[in-house]
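Asks: A structural model of the following input is requested.
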Amino acid sequence: MLCASRTLVSATPRLVRYASTGPKDHYKVVVVGAGSGGLSVANQIYHRFKAAGTSLNKDDIAILDAAPDHYYQPGWTLVGAGLKPKTDFRRPLESLIPSHLTLIPDNVSTFTPSSNSVTTSTGRSVNYDTLVVAAGLQINWDNIQGLSKALADPTSGVSSIYAYETCDKVWEDIEGLRSGNAVFTQPAGVIKCAGAPQKIMWMAWDRFQKTGRADNINVSFYTGMPSMFAVKKYSDALNELRLQRGIDGFFEHNLVSVDSGNHKATFKKPDGSTVDVDYTTLHVAPQMGPLKFIKDSPIADSVGWVAVDQGTLQHTNPEYKNIFAIGDCSSLPTSKTAAAITAQAPVLTENLYSFVNTGEVSANARYDGYTSCPLLTAYGELMLAEFTYGGVPKETFGQFVDQSKSRRFFYHLKKDLFPAAYWNYMLKGKWFGSKGLIRPKYS
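Replies: Residues are numbered from 1 along each chain as shown. You can find the predicted model right below:
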């Protein structure tokens, strides 16, 4: 029920403490990426071996990531809504690495699965017995002409909750708007946490209402998708809410350029025609896709994601059976969220543990596509969408309440419980989503 993931970005390698007296070149488990997926699964793997009485050594699991900081990205919506300072959602990466994991502060540049090795951006070769890819995805800011320039301009009226650098600008733009057109966008295609683009729209709408500005501001939602949400149950409820609140909806309208000087946004429709829209403030959800170093590698599918079995999370190529992937970088056909990671991590862990011991994955550990999007719909309100492969609802509280209805209890899960669970439990490998602190067992 969390919605987060961290994109792996390049950074200057730095010196950190290693678990051994010097850098090794071979590890039993190598994890690529120290985002929500990487840290969570690395710790779960260590705990799983320890629980079985076959503890790994302190320098048997290595995580490769050169990023100096780790971010809790679901918090950026709270920042954009004026509920939290963004500094609440950033911590030094090294502070999150326990003594039983080894951090290699370098990014992977190439995969060579034929020799069970990866090469880093500094030219270092690291060998592995098993590999877990948890590298996140790429945000393609420059795919929208003029967007990067507009985001850098404090007077442009353009902002995005999809970057730490700009999420506080969202609140400034919302709070500073007195009249005009507030336009919110969502691209066609795969993005992380597909409900986030409209979460901030609902919060802005409610803020305008509560501060007496609503009569002078027109709120509109331009989305490249054909509906409000991918799951019909929640999409119908969200569209009904949109109509009730008088928010204009424009579907299959994909943002292609921003002219910040003239405050115009250009959208492309399915027939190839374009429409120019005047905005006073514009919130943009950028286009996203696979990271280039994965897309160009032998472990990628035809699109560029790591090709894994949707049930076991093991690579689909029989020659790469010791490779697994989790989260946004994987080919798993489900919404890319941290809630998905909470369900994927124990399955991957069990299958990796079984593979190490028997040469085969577990007969019972299978991922059903569970993911979740906590959809803020107003201050004090949240719709908790939970579903599996095929858009089938799988709700934690469904036997008690209709989760397509917004509720205050769900709001406090998002605002208060989930951030605490993330820092204190999930990253430590001790949070299992809808199951809380209880690790799933596969018998």
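
Asks: every contact and neighbour count from this point should use C-alpha atoms.
Replies: Will do.

Asks: for the closest residue to Val118 other than its chain neighbours, give me its contacts.
Replies: Once flanking residues are discounted, Val118 sits nearest to Phe111: 4.6 Å by CA to CA, 6 or more residues apart in numbering. If a contact means CA atoms under 8 Å, 6 or more residues apart in numbering, then Phe111 has Ser117, Val118, Thr119, Ile294, Ser297, Pro298, Ile299 as its contacts.

Asks: ok so Phe111 is a strand residue?
Replies: Yes. With DSSP: H, G, I helix; E, B strand; the rest coil as the criterion, Phe111 is assigned to a strand.

Asks: longest helix in the chain, by residue count?
Replies: Across the chain, the longest stretch assigned as helix under DSSP state H is helix 338-358.

Asks: average model confidence for that one?
Replies: Taken as a whole, helix 338-358 has an average pLDDT of 97.

Asks: for the residue nearest to Val118, report the pLDDT, please.
Replies: 98.

Asks: pull up the gap between it and Ile294, please.
Replies: 8 Å (CA to CA, to the nearest Å).

Asks: from Thr185, how far out is Thr334?
Replies: Counting by CA to CA - Thr334 and Thr185 are separated by 21 Å.

Asks: repeat that for Ser125.
Replies: 42 Å.

Asks: which one's more surrounded, those two?
Replies: Each of Ser125 and Thr185 has its neighbours counted (other CA atoms under 10 Å); Thr185 has more, 24 against 17.

Asks: before we move on, the earlier item: tell me what the longest helix of the chain is packed against?
Replies: helix 36-51, strand 371-378 (3 or more CA pairs under 8 Å, 6 or more residues apart in numbering; DSSP states H and E).

Asks: any idea which of these is most buried?
Replies: strand 371-378 (a mean of 26; mean count of other CA atoms under 10 Å).

Asks: for the helix or strand just after it, packing partners?
Replies: Counting by DSSP states H and E, the next helix or strand C-terminal to strand 371-378 is strand 381-388. With contacts defined as 3+ CA pairs under 8 Å, 6+ apart, strand 381-388 has these neighbours: strand 371-378, strand 392-393, helix 408-412.

Asks: let's go with 10 Å and repeat that
Replies: Under the contact definition 3 or more CA pairs under 10 Å, 6 or more residues apart in numbering; DSSP states H and E, strand 381-388 sits against helix 196-210, helix 232-244, helix 338-358, strand 371-378, strand 392-393, helix 408-412.

Asks: dump whichever helix or strand comes after the first one to PDB, restricted to CA.
Replies: To tie it back to what came earlier, the one meant is helix 196-210. For helix 196-210, the following helix or strand on the C-terminal side (DSSP H and E) is strand 217-223. Output in PDB follows, covering the C-alpha atoms of strand 217-223 (Å, rounded to 0.1, in the frame of the first residue of the first chain):
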ATOM      1  CA  ILE A 217      -9.900  28.900 -10.900                       C
ATOM      2  CA  ASN A 218     -10.700  26.300 -13.600                       C
ATOM      3  CA  VAL A 219      -9.200  22.900 -12.900                       C
ATOM      4  CA  SER A 220      -8.700  20.500 -15.700                       C
ATOM      5  CA  PHE A 221      -7.100  17.000 -16.200                       C
ATOM      6  CA  TYR A 222      -5.400  16.100 -19.400                       C
ATOM      7  CA  THR A 223      -4.300  12.500 -19.600                       C
END
